[in-house]
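**Student:** coordinates only, sequence not included:
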């Protein structure tokens, strides 16, 4: 995907995916140019995120200077300005501060326990995968979640089309997915955690993500991290109105809507 560097607040309203972040992107909707580090810092303080955005360092001399250790040890989030990837990462920190903090803690502790220069652990890879491209799919209907597990995509997206928003909702977490949503393409796939919970679904339907943040942080700490669970692949553009042409031919594309 070609990198998008032009500041354009219209994407906050035109993208069905990016619209999920409206509670935090509204803080920047009046900006006519890219937010500065000072802008990020002011909003983080206002939202009581607990970390401080700082300019990205050009000099890394030790493990403690690296990205994740610096977040964990100094509570400093290295953030590139004029950069969509880092902008959306900041938006997720504002939306899910407990979960992002837990992922950072797990990542730092795992990296601290391996020799310098060695490959990242399976846990670190899982964290990165979810941090970049993760989503949480919440439903009150076991059948719908089972269709995702079995990759029964046409039944899910066509037969149960009216269930989206009512009985099932996909909450995107990965900031790379939001970046990709600037120029969506067939192939965009999320790595999902499936949750059956009526209260959580109601909360996110009402735009309240605080309970989901608390739930997700604890899920990572006590269930996902100890077992290093795999995620469920999910072709997100299959969600009704997430792609311009959702004809039967679209859903027949088995390169995108892959069988189990």
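**Tutor:** Great, that's in hand. Not measured: the values here are computed from a predicted model. Numbers count the residues shown, from 1 in each chain.
**Student:** Per the annotation, how does the protein divide into domains?
**Tutor:** Taking automatic domain parsing as the reference, the chain has its domains at 11-115, 127-251.
**Student:** where's the shortest one relative to the chain centroid, distance-wise?
**Tutor:** The chain centre lies 12 Å from the centre of domain 11-115; the measure is C-alpha atoms, centre = their mean, to the nearest Å.
**Student:** so where's the chain uncertain?
**Tutor:** Of all residues in the chain, those with pLDDT under 70 make up the ranges 1-4, 117.
**Student:** Which residue ranges of the stretch 51-200 of the chain form helices?
**Tutor:** Along the stretch 51-200 of the chain, the stretches classed as helices by DSSP state H, counting those that start in this stretch are 67-74, 84-95, 97-112, 122-133, 142-149, 153-154, 175-180, 198-205.
**Student:** closest one to residue 238 among the ones you listed?
**Tutor:** When the helices of the stretch 51-200 of the chain are compared by C-beta to C-beta, helix 153-154 sits nearest residue 238, at 5.9 Å. For glycine as for every other residue, the C-beta is placed from the backbone atoms N, C-alpha and C.
**Student:** sorry, back to before: make CSV from the domains of the chain and add distance to residue 121 and mean neighbour count to it.
**Tutor:** Below are those laid out as CSV (distance: least, C-beta to C-beta, whole Å; neighbours: other C-beta atoms under 10 Å):
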stretch, distance to residue 121, mean neighbour count
domain 11-115, 5, 17
domain 127-251, 8, 17
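**Student:** okay, the helices of the stretch 51-200 of the chain in TSV with distance to residue 247 next?
**Tutor:** Shown next, in TSV, are these (distance: least, C-beta to C-beta, whole Å):
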stretch	distance to residue 247
helix 67-74	43
helix 84-95	30
helix 97-112	36
helix 122-133	26
helix 142-149	20
helix 153-154	12
helix 175-180	22
helix 198-205	28
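**Student:** To residue 6, which of those lies closest?
**Tutor:** Per C-beta to C-beta, nearest to residue 6 of those: helix 84-95, 9.1 Å.
**Student:** okay, the angle between the closest one and helix 67-74?
**Tutor:** 40 degrees (axes from the mean of the first three to the mean of the last three C-alpha atoms, to 10 degrees).
**Student:** Tell me what angle helix 84-95 forms with helix 122-133.
**Tutor:** Interaxial angle, helix 84-95 versus helix 122-133 (the same axes, to 10 degrees): 100 degrees.
**Student:** about what we covered before: please name whichever of the helices of the stretch 51-200 of the chain is nearest to residue 227.
**Tutor:** Closest among the helices of the stretch 51-200 of the chain, using C-beta to C-beta: helix 122-133, at 9.9 Å.
**Student:** Hey, what's the angle from that closest one to helix 97-112? Just curious.
**Tutor:** Angle, helix 122-133 to helix 97-112, by the same axes, to 10 degrees: 140 degrees.
**Student:** Which neighbouring elements make contact with helix 122-133?
**Tutor:** helix 97-112, helix 175-180, strand 190-196 (3 or more C-beta pairs under 8 Å, 6 or more residues apart in numbering; DSSP states H and E).
**Student:** Now do the longest one: which elements does it pack against?
**Tutor:** Looking back up the chat, that one is helix 97-112. Helix 97-112 sits against helix 67-74, helix 122-133, helix 210-219, with contacts defined as 3+ C-beta pairs under 8 Å, 6+ apart.
**Student:** Pull the residues that contact that helix.
**Tutor:** The contact list for helix 97-112 (C-beta atoms under 8 Å, 6 or more residues apart in numbering) reads 47, 49-51, 63, 68-69, 71-73, 92-93, 120-121, 123-124, 127-128, 130-131, 173, 213-214, 216-218, 220-221, 225.
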